[in-house]
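Let's see this in three dimensions:
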Amino acid sequence: MMGVAQMETKLPITPEFIREANAPRLSALEDDYGSLGRQLRRRGIDIEKIERQVAAFSVALPSWGAGRGGTRFAKFPFRGAPTNIHEKLEDCSVVQQLCRITPRVSPHFPWDCVSDYRALREQAAALGLAFDAVNSNTFQDQPGQQHSYASGSLTSTDRGAREQALAHNIDCINIGRELGSTAITVWLGDGSNFPGQQDLTRAFDRYLESMAQIYTALPGGWRMLLEHKLYEPAFYSTVLQDWGSSILAAQQLGPKAQCLVDLGHHAPDPDHRAGPQGQERDGRGRAQGQVGVQDVVHRVNLEDHVGGDHAEAREQRDDEACRDGPLGAPGGGRVLRVGRQLALGRPLGLGQEGPGLRWGRCPDHPVRAAGPLRLPARPRLARVSGGVHVTHWPSRASASR
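Numbers count the residues shown, from 1 in each chain. You can find the predicted model right below:
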């Protein structure tokens with residue numbers, strides 16, 4: 001890692017512990033894998049080729065996913081929950097040791113601010129981690145903040161609030177450079193709750209103007225990921241509410257701007273049975289006017305503008321509230337359907353190309369396994385990834401934050 005002193009790798013759990021925990025299950029795993037390989041060979045499919053492609057895939061963990069979920073705006077802490085970014089990295093390192101596909105962490109500022117980012121990068125390297133896209137926060141006021149974001153941030157009619165939000169995003173870029181990141185994710189909760197409360201056209205124009213200034217501050221080789229959400233937290237309108245607005249903004253900003261599709265924040269899809277209250281349903285009880293998130297990814301991918309996905313459950317609405325994730329949630333499988341669109345659709349630009357599959361920007365593709373990482377503070381069994389059982393985790397000080 002250039003510019004960062006080499007440190008001795010010091011992982012939270014030992015490889016011997018993992019091998020010993022996996023040993024009783026290894027025979028069954030090898031038997032099942034061998035059976036799968038034989039089935040695939042009868043269909044003319046090379047399992048080793050699939051294995052190489054899967055091995056090249058990786059995801060980034062969100063720093064805010066370490067600890068108790070529920071909502072990003074308030075937490076009910078428990079013993080052993082991480083209290084700062086240093087302890088979050090320790091938890092993320094455990095996940096990487098167990099599943100081996102999460103080598104990067106996506107930090108969120110100002111939540112993860114520290115006084116020495118070089119030291120933070122060195123700590124991450126010692127834990128076998130690197131940093132993915134940095135995330136800015138202009139959706140809530142911080143202590144001592146001069147201008148409030150109550151009426152908007154990057155799209156506020158208050159010039160002072162807009163300039164403050166701009167300065168924060170540029171600060172995040174500068175922090176990201178120190179951490180070795182090459183992307184920034186920008187999501188803002190700007191919107192309105194009532195008709196006539198906001199000029200929708202001018203608000204979007206202010207969004208483009210603000211984002212253009214952030215875009216100009218991007219270093220060479222960086223990307224800016226535009227995250228859209230249908231309704232959060234505004235109830236009537238959101239400035240960047242759908243993939244159409246997102247891709248329109250990305251196309252106007254330039255090639256470094258790409259769309260980030262949040263699997264949990266979009267119009268109801270065919271698998272979502274609950275639906276918003278009062279939404280009209282068809283004869284099968286499905287909410288009408290549906291769109292599958294795989295359709296969203298497909299259309300954005302047609303224009304080579306997919307920059308990343310937040311992997312979470314639509315039923316949970318909020319990534320920090322997601323427990324079982326898209327695969328374990330009711331109507332699961334969204335990650336597989338999205339992956340199919342990425343694999344069979346138009347290639348995503350740079351990346352490792354193979355027959356029928358090209359995971360563009362996969363090494364830094366910010367697909368986040370959102371949800372709380374619950375590592376116990378006291379000795380007890382904690383099932384992780386259906387395999388290794390972590391039986392102890394060092395206790396920490398009070399988890400209040």
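
Can you tell me what sits against stretch 186-204?
Among residues not part of stretch 186-204, those counted as contacts by Cβ atoms under 8 Å, 6 or more residues apart in numbering are 135-136, 138-139, 149, 152-156, 165, 169, 207, 211, 214, 224-229, 231-241, 245, 260. (Glycine included, C-beta is placed from N, CA and C.)

Just the C-alphas of it, formatted as CSV.
Output for stretch 186-204, consisting of C-alpha atoms alone and laid out as CSV, is shown next (Å, rounded to 0.1, in the frame of the first residue of the first chain):
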residue,chain,number,x,y,z
VAL,A,186,-23.7,11.4,-2.0
TRP,A,187,-27.2,10.9,-0.6
LEU,A,188,-29.3,13.8,0.7
GLY,A,189,-32.7,13.8,2.4
ASP,A,190,-33.7,17.1,0.7
GLY,A,191,-37.4,17.2,-0.3
SER,A,192,-40.8,18.5,0.7
ASN,A,193,-43.7,17.3,2.8
PHE,A,194,-46.6,19.3,1.2
PRO,A,195,-47.6,20.5,-2.3
GLY,A,196,-46.3,24.0,-3.0
GLN,A,197,-43.7,23.8,-0.2
GLN,A,198,-40.8,23.7,-2.7
ASP,A,199,-40.3,24.6,-6.4
LEU,A,200,-39.4,21.2,-7.7
THR,A,201,-37.6,22.4,-10.8
ARG,A,202,-35.5,24.9,-9.0
ALA,A,203,-34.7,22.4,-6.3
PHE,A,204,-33.4,20.0,-8.9
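
So which bits of it are buried?
With burial defined by 16 or more other Cβ atoms under 10 Å, the residues of stretch 186-204 counted as buried are 186-192, 198, 203-204.

Check stretch 159-177 too.
Applying a neighbour-count criterion of 16+ other Cβ under 10 Å, the buried positions in stretch 159-177 are 161-166, 168-173, 175-176.

These into TSV, with extra columns for pLDDT, secondary structure and distance to residue 129?
Compiled in TSV, the buried residues of stretch 159-177 are given as follows (pLDDT from 0 to 100; DSSP: H, G, I helix; E, B strand; the rest coil; distance: Cβ to Cβ, whole Å):
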residue	pLDDT	secondary structure	distance to residue 129
161	96	helix	35
162	97	helix	34
163	97	helix	34
164	97	helix	31
165	97	helix	29
166	97	helix	30
168	98	helix	25
169	98	helix	24
170	98	helix	25
171	98	helix	22
172	98	helix	19
173	98	helix	20
175	98	helix	16
176	98	helix	15
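
just curious, which of these is nearest to residue 123?
The shortest approach to residue 123 among the buried residues of stretch 159-177 belongs to residue 175, at 14.9 Å (Cβ to Cβ).

pLDDT below threshold where in the protein?
Confidence mapping of the chain against pLDDT under 70 gives the ranges 1-8, 68-75, 263-401.

and the longest helix for it?
Secondary structure of the chain per DSSP state H: the longest helix is helix 15-42.

what's that helix packed up against?
Applying 3 or more Cβ pairs under 8 Å, 6 or more residues apart in numbering; DSSP states H and E, we find helix 15-42 packed against helix 47-55.

and the helix it packs on, which residues are buried?
Along helix 47-55, the positions that meet the burial threshold by neighbour count (16+ other Cβ under 10 Å) are residue 53.

Now do that helix: which elements does it pack against?
Helices and strands touching helix 47-55, by 3+ Cβ pairs under 8 Å, 6+ apart, are helix 15-42, strand 351-354.

at 7 Å what do you get?
Under the contact criterion of 3 or more Cβ pairs under 7 Å, 6 or more residues apart in numbering; DSSP states H and E, the helices and strands touching helix 47-55 comprise helix 15-42.

now the helix it packs on and helix 47-55, what's the angle there?
Note on geometry: by axes from the mean of the first three to the mean of the last three Cα atoms, to 10 degrees, helix 15-42 and helix 47-55 are set 130 degrees apart in direction.

Pull out the buried positions in helix 15-42.
In terms of neighbour count (16+ other Cβ under 10 Å), helix 15-42 has its buried residues at 17-18, 21, 37.

Then stretch 142-158?
For stretch 142-158, the neighbour count (16+ other Cβ under 10 Å) marks 147, 149, 152-156 as buried.

want to throw the buried residues of stretch 186-204 into a markdown table with secondary structure and distance to residue 46?
Putting the buried residues of stretch 186-204 into a markdown table (DSSP: H, G, I helix; E, B strand; the rest coil; distance: Cβ to Cβ, whole Å) gives the following:
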| residue | secondary structure | distance to residue 46 |
| --- | --- | --- |
| 186 | strand | 41 |
| 187 | coil | 40 |
| 188 | coil | 46 |
| 189 | coil | 47 |
| 190 | coil | 49 |
| 191 | strand | 49 |
| 192 | strand | 54 |
| 198 | coil | 55 |
| 203 | helix | 52 |
| 204 | helix | 49 |
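
need those residues in TSV with distance to residue 57, can you?
Supplementary listing: these in TSV, determined by distance: Cβ to Cβ, whole Å:
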residue	distance to residue 57
186	25
187	24
188	30
189	31
190	34
191	34
192	40
198	41
203	38
204	35
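
and which of those is nearest to residue 97?
Lowest distance from residue 97 to the buried residues of stretch 186-204 (Cβ to Cβ) belongs to residue 187, with 29.7 Å.

Now for residue 124: which residues touch it?
89, 105, 130-131 (Cβ atoms under 7 Å, 6 or more residues apart in numbering).

Of those residues, which is the most crowded?
Taking other Cβ atoms under 10 Å as the neighbour criterion, residue 105 ranks highest of the contacts of residue 124 with 29 neighbours.

which helices and strands sit right next to the one helix or strand it maps to?
In this structure, residue 105 is located in strand 104-106 according to DSSP states H and E. Based on contacts counted as 3+ Cβ pairs under 7 Å, 6+ apart, the elements that strand 104-106 packs against are strand 60-62, strand 130-131.

Would you format these as a markdown table with distance to residue 122 included?
Output for those, formatted as a markdown table (distance: least, Cβ to Cβ, whole Å):
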| stretch | distance to residue 122 |
| --- | --- |
| strand 60-62 | 19 |
| strand 130-131 | 11 |
